[in-house]
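> fold the following and give me the result.
(one chain, ligands or ions: 1)
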Amino acid sequence: MQYKVFEPDVEVNGSTVCSVITGLGYFTNLSRRYFSRVNIGTVVNKELRIDMDGWYPQHAWLEAFKNIAEQIGDRVIYRIGLTVPENAQFPPWVVDVDTAIKAIDIAYHLNHRKNGAPLFDVNNGTMIEGIGHYGYERDPARDRDGKNRIVSVSHNPYPCAFDLGLITAMAHKFQSNAVVKHDDTKECRSRGAETCTYIITW
Ligand SMILES: [Zn+2]
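Purely as a prediction, here's the structure:
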C-alpha cells in the first residue's frame, strides 16, 4: 500500500530525502511546510535544510511525501521519480538495462537502515528485509516478438507514479528507446493493493 511502512523502525538517509526535494523544484513551500511538520530538516531563512549525512524516520518521510503528493498529483510525482537517479552514484557493474533495473533494489536498501545498519551490506552482499523490494525478472515472452522484456514488481511503500518514473529513468540510462509501462491488468498500489507491475521493453 502506498505510503505505509512495512516496519516502524526503518530510517531513510538524507541524500534520498534531498533528491526528492530537489525533484520537487519550485514546490518549495510545500516541501518546507510538510517536511518540517514531521521534523525532517530545519528551516533556515525560509529554506528547508536537510542533513545529507542524517537519517530520518521512514514513516515521517512517507507521511510528508503523501501530503505533498495529494497536492501536486501523479504527473509531478512521476517527474520526481524520473529525476531521482540523475545524481545517484551506481556501482561499476551497472552497465545495461538489466543491471540498471537490478540495481534499483540494492540502492533502495543502501539508502535505508534499521538499528543503525544499512539494509544492504556492500561488503558481503547481504540484504536485510524491512522495506519491501523493487523486482527484476526477465520475461521469456521476448522470444515470441523479438523484444527484450523485463517485468519489475514494486512491493514497497512508494507511490505507483514515482516508481514508474524511477524505473523509466533507469531503463533510459542505457536504452533511450526503452518503453516502460504500468501493467494495468495487474493490481495497483494506488488502488490499495500491495504491488504494482511495470513492463520494460526495447
Ligand atoms: Zn500501480
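
> tell me the spacing between the spatially most central residue of the chain and the ion.
Geometric centre of the chain, nearest residue: Asp163, 5.6 Å, by Cα atoms, centre = their mean. With distances taken as Cβ to the ion, to the nearest Å, Asp163 is found 8 Å from the ion. For the C-beta atoms, the positions are set from N, CA and C on the backbone; glycine is no exception.

> pretty sure that residue sits against His133.
No: Asp163 is beyond contact range of His133, at 11.3 Å (criterion: Cβ atoms under 8 Å).

> which residues do the two both contact?
Taking Cβ atoms under 8 Å, 6 or more residues apart in numbering as the contact rule, Asp163 and His133 both touch 154, 156.

> what are the buried residues along stretch 186-201?
188-189, 195-201 (16 or more other Cβ atoms under 10 Å).

> still on that earlier bit, tell me which helix or strand the residue nearest to the centre of the chain sits in.
Here Asp163 sits within helix 160-174, counting by DSSP states H and E.

> how about the residues of the chain by the ion?
For the chain, the residues in contact with the ion under the definition Cβ under 5 Å from the ion are 160, 188, 196.

> now the strands for the protein?
11-13, 42-44, 47-49, 55-57, 112-114, 117-118, 120-121, 126-127, 133-134, 137-138, 149-155, 179-182, 196-201 (DSSP state E).

> below-threshold pLDDT in the protein: ranges please.
Counting by pLDDT under 70, the chain contains low-confidence residues at 141-144.

> count of neighbours near Val153?
18 (other Cβ atoms under 10 Å).

> residues contacting it?
Listed by Cβ under 8 Å, 6+ apart, the contact set of Val153 reads 133, 135, 137, 195-198.

> so what's Val5 up against?
Applying Cβ under 8 Å, 6+ apart as the definition, the contact partners of Val5 turn out to be 58-59, 62, 131, 157.

> please apply the same query to Pro91.
If a contact means Cβ under 8 Å, 6+ apart, then Pro91 has 103, 106 as its contacts.
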